[in-house]
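S.K.: okay, sequence plus prediction incoming.
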Amino acid sequence: MAQVLPAERDLRRVIGDADGAGDREVDGLGEQELLELYRSMVLLRTYDERSVVYHRQGRIGTYAIFWNHEAMQAGAFHALEDEDWIFPSYRESAIGLLRGMPPATVLSWWRGYPAGWWNPEDYRVASICVPIATHVPHAAGLAWGKKLKGETACAVVFFGDGATSEGAFHEGANFAAVTGAPLVLFCNNNHWAISTPLEAQTRAETLADKAVGYGMPGLRVDGTDVLACYEATCEAVARARTGGGPTFIEAVSYRTAPHATADDPRAYIDLARVEEEKKRECVGRFEGYLRRAGILHDDLAASIRSEAADAVRAGIADAEAEPPADVELLFAHAYADPPVSFGSDLDELRRTLG
């Protein structure tokens, strides 16, 4: 019978305290692999911080901040193979960068330019999902399709704690379990669905308990511990590849930034806890781990940060160089057999826009 293992009710951790107490190693991660994890986290952090600045400058639209969620994204990503698929929510908008997607592409998405949409097959990264949980059934369907074809690929779908209150999540989780789809359901539990706290969403002791109802295992990890996220995802991926079906991972953190740039969380969030959580943010925690292990030093850290900053600066320059989109795109692919009025509607739109 599927269950949340008793040991898993306490959050799994690999990175210990600031003095190194509790540090342990993860099988299969050598010095180079650990540095690649760090590069990924720094790239994501740099992208996120610069995107907030670009929004304030009016250079991109409303932006969903993911500061201190990088450990979940990088940890899960590095547990995958190139053939595996990723289904991001808006909180994971930049995860395609880890697959080689140009920063300009993601920045163009936030600017509302057509260049911000990509062919998912090019990167095995599905389109960014803004509606809550509607991509969970999509991920389950793709994973089931891989199983039916006899392929070894699996899929991971990212969503927040608020998504577990949506019907689409339950439908997708149930479908994945019934079909034995090779799917990892990765829940970012940062305790807030915009302004709704976790305790107002569920009476379950943990979100991982929801996995039991679908006959799949549930794992709980410290969401600010990139190595714990990696290790748990590796286990879930291995289970998926060997016919064991889906796994639910609850990565627990606390949201330290606004839900998005249009949000003012001071009206509802625990500001004292935010300040405490910022002291143990995920990039700094992992950097401390690497320094204690003698893997990271000042010059290397500075070089990695500079490389990430250059990439994101070049990305915004490329995004802003995109020519204005032709408004015909609003009409061109709406219908296979468009109504006769589309021609005059497009002419009227062009006149309105000047």
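M.R.: Thanks, I have it.
S.K.: what's the spacing between the nearest residue to residue 33 once chain neighbours are set aside and residue 111?
M.R.: For residue 33, the nearest residue in space outside its immediate sequence neighbours is residue 78; the separation is 7.5 Å by C-beta to C-beta, 6 or more residues apart in numbering. In short, each C-beta sits where N, CA and C put it, glycine included. Between residue 78 and residue 111 the distance, using C-beta to C-beta, to the nearest Å, works out to 29 Å.
S.K.: equivalent analysis for residue 149, please.
M.R.: Note on residue 149: its distance to residue 111, by C-beta to C-beta, is 37 Å.
S.K.: same check, this time on residue 24
M.R.: Where residue 111 is concerned, residue 24 sits at a distance of 43 Å (C-beta to C-beta).
S.K.: what of residue 253?
M.R.: Counting by C-beta to C-beta, the gap between residue 253 and residue 111 amounts to 28 Å.
S.K.: same question for residue 236.
M.R.: Between residue 236 and residue 111 the computed distance is 35 Å (C-beta to C-beta).
S.K.: compare the two (neighbour count), which wins?
M.R.: Residue environment comparison for residue 236 versus residue 111 gives the larger neighbour count to residue 236, 27 against 18, counting by other C-beta atoms under 10 Å.
S.K.: give me the nearest residue to that one, chain neighbours excluded.
M.R.: Once flanking residues are discounted, residue 236 sits nearest to residue 247: 3.7 Å by C-beta to C-beta, 6+ apart.
S.K.: residues contacting that neighbour?
M.R.: For residue 247, the set of contacting residues under the criterion of C-beta atoms under 8 Å, 6 or more residues apart in numbering consists of 183-185, 211, 216-219, 235-236, 239-240.
S.K.: what pLDDT does it get?
M.R.: Turning to residue 247, the model gives it a pLDDT of 98.
S.K.: so what pairs up with it in the strands?
M.R.: Beta-bridge pairing of residue 247 under DSSP bridges involves residue 184.
S.K.: residue 211 against residue 217, yeah?
M.R.: Yes: here residue 211 reaches residue 217: they are 6.3 Å apart, a contact under C-beta atoms under 8 Å.
S.K.: the two - which one has more neighbours?
M.R.: Under the criterion of other C-beta under 10 Å, the comparison of residue 211 against residue 217 puts residue 211 first, with 25 against 21.
S.K.: who touches the helix or strand hosting residue 313?
M.R.: Under the criterion of DSSP states H and E, residue 313 resides in helix 298-320. With C-beta under 8 Å, 6+ apart as the test, helix 298-320 has contacts from 35, 38-39, 42-43, 45-47, 50, 54, 59, 102-104, 106-108, 111, 113, 115, 287.
S.K.: mean confidence score for the next helix or strand after it?
M.R.: With elements assigned by DSSP H and E, the helix or strand that comes after helix 298-320 is helix 329-332. When pLDDT is averaged along helix 329-332, the result is 89.
S.K.: next one: helix 329-332 to chain centre, how far?
M.R.: Averaged C-alpha coordinates place helix 329-332 at 30 Å from its chain's average position (C-alpha atoms, centre = their mean, to the nearest Å).
S.K.: cool, stretch 86-105 as well?
M.R.: Counting by C-alpha atoms, centre = their mean, stretch 86-105 is centred 8 Å from the centre of its parent chain.
S.K.: show the end-to-end separation of it, please.
M.R.: Here the two ends of stretch 86-105 are set 17 Å apart, with distance taken as C-alpha to C-alpha, to the nearest Å.
S.K.: cool, and stretch 181-200?
M.R.: The stretch stretch 181-200 measures 31 Å between its terminal residues, going by C-alpha to C-alpha.
S.K.: now it: buried residues?
M.R.: Buried residues in stretch 181-200, counting neighbours by 16 or more other C-beta atoms under 10 Å, are found at 181-193, 198.
S.K.: in the chain, which spans are strands?
M.R.: Along the chain, counting by DSSP state E, strands occupy 85-87, 155-160, 183-189, 192-193, 196-197, 218-222, 247-252.
S.K.: distance to residue 65 added to those strands, as a markdown table?
M.R.: Putting the strands of the chain into a markdown table (distance: least, C-beta to C-beta, whole Å) gives the following:
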| stretch | distance to residue 65 |
| --- | --- |
| strand 85-87 | 20 |
| strand 155-160 | 13 |
| strand 183-189 | 13 |
| strand 192-193 | 12 |
| strand 196-197 | 17 |
| strand 218-222 | 20 |
| strand 247-252 | 17 |
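S.K.: of those strands, which approaches residue 13 most closely?
M.R.: For the strands of the chain, distance to residue 13 was read as C-beta to C-beta. The smallest value, 4.8 Å, belongs to strand 218-222.
S.K.: for the closest one, which helices and strands make contact with it?
M.R.: Based on contacts counted as 3 or more C-beta pairs under 8 Å, 6 or more residues apart in numbering; DSSP states H and E, the elements that strand 218-222 packs against are helix 6-9, helix 226-241, strand 247-252.
S.K.: buried deepest among those, which one?
M.R.: For these, average neighbour numbers computed from mean count of other C-beta atoms under 10 Å are highest in strand 247-252, which has a mean of 28.
S.K.: what residues does the residue nearest the centre of the chain make contact with?
M.R.: The C-alpha lying nearest the average C-alpha coordinate of the chain belongs to residue 92 (C-alpha atoms, centre = their mean; 3.0 Å). Applying C-beta under 8 Å, 6+ apart, we find residue 92 in contact with 66, 69, 73, 86, 128, 158.
S.K.: right, and out of these, which lies closest to residue 276?
M.R.: For those, the minimum distance to residue 276 (C-beta to C-beta) is 17.0 Å, reached by residue 69.
S.K.: noted, bye for now.
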